[in-house]
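Novice: need a structure here:
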Amino acid sequence: MWNLKFLSVLKDRYYSFSVREQLAVLLGIWALTFFILFQFVFFPMNDRRAGLESSVRGKERDLLKLKEMIIQVKRLEQYKTTDIEKREGEPFNLFSVLDKLANESKLTDNMDYMKPGNIQLDGLREEKWVEMKLSRVTLNEFTRFLYNLNAFEKEIYIKRLSVRKEGDYLNLILQPAVVEVR
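Specialist: Down below sits the predicted model:
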């Protein structure tokens with residue numbers, strides 16, 4: 001009930017103002033209404049829309065990158081199958097493969113040593129690795145080497161990796177390894 005009394009008091013008070021004061025009150029109410037609408041409705045909706053548009057653009061970029069990666073994977077798979085057909089008669093030697101990949105990646109000048117090693121996992125499987133020490137290698141050269149290593153048809157993995165940064169260069173000790181079944 002007090003609500004109606006309150007409104008009737010405001011209404012009486014409003015009508016007691018002169019026309020000029022009534023116009024000023026109406027303009028104030030309209031200004032306050034527009035301020036509230038813009039501040040709490042329009043601006044948050046506009047910010048949300050801009051955020052969604054930005055998110056969509058980011059997802060589109062991610063999708064394009066994913067499509068490019070799929071194309072690269074298909075090329076690698078095609079390369080692997082043709083490369084396997086060429087190499088079927090050759091025995092696999094991890095040391096020579098790593099030396100060849102280092103040559104392709106232009107890392108032979110940065111190579112301090114290569115030490116082969118192996119361990120018998122069980123009666124049928126043997127793990128072979130080569131410990132490599134590379135000095136003053138750029139990130140781009142090392143990335144190219146890892147890409148070539150990953151592109152090779154045999155499952156070669158990095159068993160151990162130690163990286164020390166020296167300015168713009170990296171000093172690395174890594175152990176690419178492979179498991180062979182007898």
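Novice: C-alpha from now on. contacts and neighbour counts both.
Specialist: Noted.
Novice: Report how many residues lie close to the residue lying closest to residue 121 once chain neighbours are set aside.
Specialist: Closest residue to residue 121 apart from its sequence neighbours, by Cα to Cα, 6 or more residues apart in numbering: residue 127 at 6.6 Å. Residues near residue 127, counting by other Cα atoms under 10 Å, number 15.
Novice: where does the spatially most central residue of the chain land on pLDDT?
Specialist: Central residue of the chain (Cα atoms, centre = their mean): residue 62, 9.0 Å from the mean position. Confidence at residue 62, expressed as pLDDT, is 94.
Novice: Ramachandran coordinates for it?
Specialist: phi -60, psi -40 (degrees, to the nearest 10).
Novice: so who does it touch?
Specialist: Contacts of residue 62 were listed using Cα atoms under 8 Å, 6 or more residues apart in numbering, and none were found.
Novice: Check residue 173 too.
Specialist: Neighbour list for residue 173: 131-134, 160-163 [criterion: Cα under 8 Å, 6+ apart].
Novice: How is this protein partitioned into domains?
Specialist: By the record's domain assignment, the chain is partitioned as 1-90, 94-181 (automatic domain parsing).
Novice: deepest of those, which one?
Specialist: Of those, the one with the most neighbours on average (mean count of other Cα atoms under 10 Å) is domain 94-181, at a mean of 16.
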